[in-house]
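Asker: need a structure here:
(4 chains)
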2 protein chains.
Amino acid sequence: MASPLILVVEDEPAVRDMIALTLEQADYEWVSAGDVPEARCRLADARPDLVLLDWMLPGQHSGLDFARQMRREELTRDLPVILLTARDAEDDKVRGLDVGADDYVTKPFSPRELLARIKALLRRSGQADGGAVVSIGGLTLDATSHRVLAGDENVALGPTEFKLLSFFIHHPDRVYSRDQLLDRVWGSNVYIDDRTVDVHVRRLRKALAPHGCDRLIQTVRGVGYRFSEQS
Amino acid sequence: MASPLILVVEDEPAVRDMIALTLEQADYEWVSAGDVPEARCRLADARPDLVLLDWMLPGQHSGLDFARQMRREELTRDLPVILLTARDAEDDKVRGLDVGADDYVTKPFSPRELLARIKALLRRSGQADGGAVVSIGGLTLDATSHRVLAGDENVALGPTEFKLLSFFIHHPDRVYSRDQLLDRVWGSNVYIDDRTVDVHVRRLRKALAPHGCDRLIQTVRGVGYRFSEQS
DNA sequence: TAGCCGCATTACAACTATATGACAGCACGC
DNA sequence: GCGTGCTGTCATATAGTTGTAATGCGGCTA
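Answerer: I've put the predicted structure just below:
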């Protein structure tokens, strides 16, 4: 496999160079962008495997908007994003997770920490498409054969339920609001009601219940849903 | 932290003993397995922090399959794996890293080299954890999964209690008046009675009490409340 | 020691969020 | 064209959460 390509979106040249050096030493390929429009181009032409995104960017478009937009586009929806935030900005972290960043690193950060998170994230997401088979808590989803097994029994799911479960199983132990789920499972141009998510969750649970796997989909009241093996 | 537990998967008793001795001298805990089925059991019951995996194992299941399977299971996906390759087989190394091994050691290897790699890997994987996780006094709050753990037990909280605890845990060792708490937890423009804070503090304490963590929320008479590890 | 004040505790009724079941519109294959 | 299965919406049921108020308790002060 070729070494992963990482897109660095950061306006300060000094920080960018530092990151670039770190990446090179760890044998990653990289491209960089200094603002959001440029980042869009790189995204389209270079097709990176992961994005390092500075929270504070010049121009009217913040990193937040960029991240949100990425989540809406089919092509970039599953791209792992690591947010670079200033220390002490608890709000930023929360909002960052809201728009779907997968992880964040607070500045200033050590090269080692950055690499560790990149590696962890790449491994997780690489497993997601490459392996095509993922198992959690007795549930097995095989993307290739488009099949779901609970234990060794087949589970019949409709298309939307399958996509929903697929998203959940690839992003476990994390809450997603109904809006986020609509963005990431249904896709961009949807005028669909929040409550519809409830219904599909319900259908998914119903299908999983005979196998005892419905417990994996957990309601987080006031927030959304979570897929997790733990209670 | 307790000393890390290492699972040694190796069929040759002589090599296994040598490794075990090395580990013991470095003050690591260890368990061992001679084949893949046994390794699975140890993985499930002992929950090791790192796996030393021999590439050449008896039986139809190779180390490669085992490693791949580990990457599929949620519980073991992020477990660091060091591969022990028999010969200087470049192919094996490549394939090993492909399935997600984090490092490899070529036999014969020196105890010192083995220990160095174990140490480095444990350090890295330890750092890769938790971005949005804060722990104080046995309490762990994970914003990402929107979960609270006391020790390793789940604590059920309502939305407001969660927000309150989240604020406290991010601002420890400092008194806050009821008005301040209303501002920062409930939001600015609320016309809510001071006494309501008492009730929510009470509810939070009640939820934490079974785990002994209620002592962290302290009343400062005439002033307000404080969250602190010290009494 | 009586009385006051601040906090703890409990109960409760309004309110809100989620679960559930039913339904009509579609798309698709036959 | 006709079933069949899937989707999104709605109405209703259920369950969990919230702020308030009543009451109890203990310490502090006069």
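Asker: tell me which parts of chain A are close to chain B?
Answerer: Residues of chain A found near chain B (CB under 8 Å from any CB of the partner chain) are A:1, A:90, A:93-94, A:97, A:103-105, A:112-113, A:116-117, A:119-120, A:123-124, A:127, A:131, A:133-137, A:172-175, A:220-223, A:226, A:228-231. Backbone N, C-alpha and C define where each C-beta goes, glycine included.
Asker: got a quick PyMOL command for the buried subset of those?
Answerer: Buried subset of these, written as a PyMOL selection, criterion 16 or more other CB atoms under 10 Å in any protein chain shown:
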select buried, chain A and resi 90+93+97+103+104+105+116+117+119+120+123+124+127+131+133+134+135+136+137+172+173+174+175+220+226+228
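Asker: which members of the residues of chain A next to chain B additionally contact DNA strand D?
Answerer: Contacts with DNA strand D within the residues of chain A next to chain B, counted by CB under 7 Å from any atom of the strand: A:221-222.
Asker: quick one: contacts for the closest residue to residue A:211 other than its chain neighbours?
Answerer: The shortest distance from residue A:211 to any residue other than its chain neighbours is 3.3 Å, reached at residue A:150 (CB to CB, 6 or more residues apart in numbering or on different chains). Contact analysis of residue A:150 by CB atoms under 8 Å, 6 or more residues apart in numbering or on different chains lists A:138-140, A:208, A:210-213.
Asker: now do the closest residue in space to residue A:142 that isn't next to it in sequence against residue B:73, distance only.
Answerer: In space, residue A:142 comes closest to residue A:133 once its chain neighbours are excluded; the distance is 4.9 Å by CB to CB, 6+ apart. Counting by CB to CB, to the nearest Å, the gap from residue A:133 to residue B:73 is 11 Å.
Asker: same question, residue A:112
Answerer: Distance from residue A:112 to residue B:73, by CB to CB: 27 Å.
Asker: then residue A:17?
Answerer: Residue A:17 is 39 Å from residue B:73, by CB to CB.
Asker: between these two, which one's more packed in?
Answerer: Between residue A:17 and residue B:73, counted using other CB atoms under 10 Å in any protein chain shown, residue B:73 has the larger neighbour count: 17 against 13.
Asker: rank the helices and strands of chain A by mean pLDDT and give me the bottom one.
Answerer: Across the helices and strands of chain A, mean confidence by mean pLDDT, DSSP states H and E is lowest for helix A:90-98: a mean of 66.
Asker: near DNA strand D, which residues of chain A?
Answerer: Proximity of chain A to DNA strand D is confined to A:156, A:158-161, A:186, A:190-193, A:195-196, A:199-200, A:203, A:221-222 under the rule CB under 7 Å from any atom of the strand.
Asker: could you check how many residues crowd around the residue nearest to residue A:13 when sequence neighbours are not counted?
Answerer: The shortest distance from residue A:13 to any non-neighbouring residue, by CB to CB, 6+ apart, is to residue A:34 (7.9 Å). When neighbours are defined as other CB under 10 Å, residue A:34 has 18 of them.
Asker: residue A:115 too?
Answerer: Residues within reach of residue A:115, counting by other CB under 10 Å, total 18.
Asker: that one is in contact with residue A:22, isn't it?
Answerer: Yes. Residue A:115 is within contact range of residue A:22, at 6.6 Å (criterion: CB atoms under 8 Å).
Asker: can you tell me how far the residue nearest to residue A:142 is from DNA strand C?
Answerer: Going from residue A:133 to DNA strand C by CB to the nearest atom of the strand, to the nearest Å gives 27 Å.
Asker: among the contacts of residue A:150, name the ones in helices.
Answerer: Using DSSP state H, the members of the contacts of residue A:150 that fall in helices are residue A:208.
Asker: picking up where we left off before, filter the residues of chain A next to DNA strand D to the buried ones?
Answerer: So, by 16+ other CB under 10 Å, the buried ones in the residues of chain A next to DNA strand D are A:161, A:186, A:200.
Asker: can you put these in JSON lines and add pLDDT?
Answerer: What follows is those, written out as JSON lines (pLDDT from 0 to 100):
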{"residue": "A:161", "pLDDT": "96"}
{"residue": "A:186", "pLDDT": "90"}
{"residue": "A:200", "pLDDT": "98"}
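Asker: closest residue of chain A to DNA strand C?
Answerer: residue A:219 (3.5 Å; CB to the nearest atom of the strand).
Asker: report the contact partners of that residue.
Answerer: Neighbouring residues of residue A:219 by CB under 8 Å, 6+ apart: A:225-226.
Asker: may I see the buried residues of stretch A:204-214?
Answerer: A:204-205, A:207-208, A:211, A:213-214.
Asker: for the nearest residue to residue A:146 once chain neighbours are set aside, grab the count of nearby residues.
Answerer: In space, and not counting its chain neighbours, residue A:146 is closest to residue A:162: 7.0 Å by CB to CB, 6+ apart. For residue A:162, the tally of surrounding residues (other CB under 10 Å) stands at 19.
Asker: from residue B:166, how far out is residue A:162?
Answerer: In this view, residue A:162 and residue B:166 are 34 Å apart by CB to CB.
Asker: low pLDDT regions in chain A?
Answerer: For chain A, the stretches with pLDDT under 70 are A:1, A:60-61, A:87-96, A:126-131, A:188-189.
Asker: so which residues on chain A come close to DNA strand C?
Answerer: Counting by CB under 7 Å from any atom of the strand, chain A sits next to DNA strand C at A:195, A:198-199, A:201-202, A:205, A:219-224.
Asker: in strands only, show me these.
Answerer: Applying DSSP state E to the residues of chain A next to DNA strand C, the entries found in strands are A:219-220, A:224.
Asker: tell me which of the residues you listed is nearest to residue B:145?
Answerer: Nearest to residue B:145 among these: residue A:220, at 8.6 Å, using CB to CB.
Asker: residues contacting that closest one?
Answerer: So residue A:220 contacts A:175, A:226, B:146 (CB under 8 Å, 6+ apart).
Asker: partner strands of the one helix or strand the second one maps to, with direction?
Answerer: Element membership for residue A:226 (DSSP states H and E) is strand A:224-227. The pairing partners recorded for strand A:224-227 under DSSP bridges are strand A:175-176 (antiparallel), strand A:217-220 (antiparallel).
Asker: what sits closest to whichever residue of chain A sits closest to chain B if chain neighbours are left out?
Answerer: Residue nearest to chain B within chain A (CB to the nearest CB): residue A:222, separated by 3.8 Å. In space, residue A:222 comes closest to residue B:159 once its chain neighbours are excluded; the distance is 3.8 Å by CB to CB, 6+ apart.
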